[in-house]
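Participant: Here is a sequence with its predicted model. Questions after.
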Amino acid sequence: MTYKEVNMKKILLCGSVCLLVVGVLLACTTKNLEEDRRKAEALQNLGEAYLRQGKYSAALKELLKAEALTPDDPYLQKSLGLSYYYKGKQDLAIPHFNNALALKNDYAPARNNLGNAYAEKRQWDKAIEQYKVVSSDLVYATPQYPLSNLGLAYYEIKDYQLSEEYFLKALKVQQDFDRALYGLGKTYMAMGRPADAVVNLEGAARAAPGVAEVHYELARAYSMNRQYKEAFDSYLQVVSLNPGSPLANQATLEARKIKHLF
């Protein structure tokens, strides 16, 4: 065998060894990635279970562990955002909702949640921007939510015409949607239309009979519409639903003010 042939054989042998090493490394890397994904999925499932139970600190602990393994999961980023959102940490929630959208731009629930986080910070223009994108998504399963959110945002900035418009659009999607009925009732009170407010707040009370705030606003609408007996009874309902609360105490005071009027 010539010197050249020996060298060529060595080169081929080294090349084969290198390819084998690379193959082993790639297989190990793939296996490690798959293991990380499985671990992250289990952690995420546990975190989201805690989230549904209202155990937000426990949820955050597990979801952060999952993020360390798979930071590029938009669904995980949205869940992290919700954990911070429900803990009242909107400045920490917003980056995670934005991360989810950077990874999946058409992820409408993350965008709606981003709007909610801005709304909690009373950054209404930013909230409206996000809600409008979601409400224009023709495949979004529950458009009544962003539409109602738009109604609330415009109510807060005192644009009552647009508030009414979006609440009515939400009610076209779901006629008994309590959030929209409640918001529309408050909007009509702000517009000086107590009779219309009563109709919508009565609907909200039927749809959400256990929510004290709904009965309180209904009582206010009754009082504005000079239906004092109905207002008095609704204030008492607030006290019954949430005794000892600041809202119940206020309802008691309001009930005393109108008791002599019927």
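Facilitator: That came through, no problem. Numbers count the residues shown, from 1 in each chain.

Participant: Contacts only, for the nearest residue to residue 104 once chain neighbours are set aside.
Facilitator: Leaving aside its chain neighbours, residue 104 sits nearest to residue 74 (4.0 Å; criterion: CB to CB, 6 or more residues apart in numbering). Quick note: C-beta positions are derived from backbone N, CA and C, even for glycine. Contact analysis of residue 74 by CB atoms under 8 Å, 6 or more residues apart in numbering lists 99, 100, 101, 103, 104, 107, 110.

Participant: what's residue 246 in contact with, if anything?
Facilitator: Contacts of residue 246 (CB under 8 Å, 6+ apart): none.

Participant: If you could redo that for residue 110, that was the one I meant.
Facilitator: 74, 77, 78, 81, 97, 100, 101, 104.

Participant: so how far is residue 133 from the last one?
Facilitator: The gap separating residue 104 from residue 133 is 14 Å, by CB to CB, to the nearest Å.

Participant: Those two: which has the busier surroundings?
Facilitator: Neighbours per residue, other CB atoms under 10 Å: of residue 104 and residue 133, the larger number sits with residue 133, 19 against 16.

Participant: Distance check, the nearest residue to that one once chain neighbours are set aside against residue 175.
Facilitator: Using CB to CB, 6+ apart and skipping the chain neighbours, the partner closest in space to residue 133 is residue 111 (5.8 Å). Distance, residue 111 to residue 175, using CB to CB: 25 Å.

Participant: more neighbours, these two?
Facilitator: Neighbours were counted for residue 111 and for residue 175 using other CB under 10 Å; residue 111 has more, 26 against 12.

Participant: Contact partners for the more buried one?
Facilitator: 97, 101, 130, 133, 134.

Participant: What is the burial count for the first one?
Facilitator: When counting by other CB under 10 Å, one arrives at 30 neighbours for residue 97.

Participant: Do you know the pLDDT at it?
Facilitator: Looking at residue 97, its pLDDT is 98.

Participant: again with the second one
Facilitator: As predicted, residue 101 sits at a pLDDT of 98.

Participant: Please apply the same query to the third one.
Facilitator: pLDDT, the model's per-residue confidence, is 98 for residue 130.
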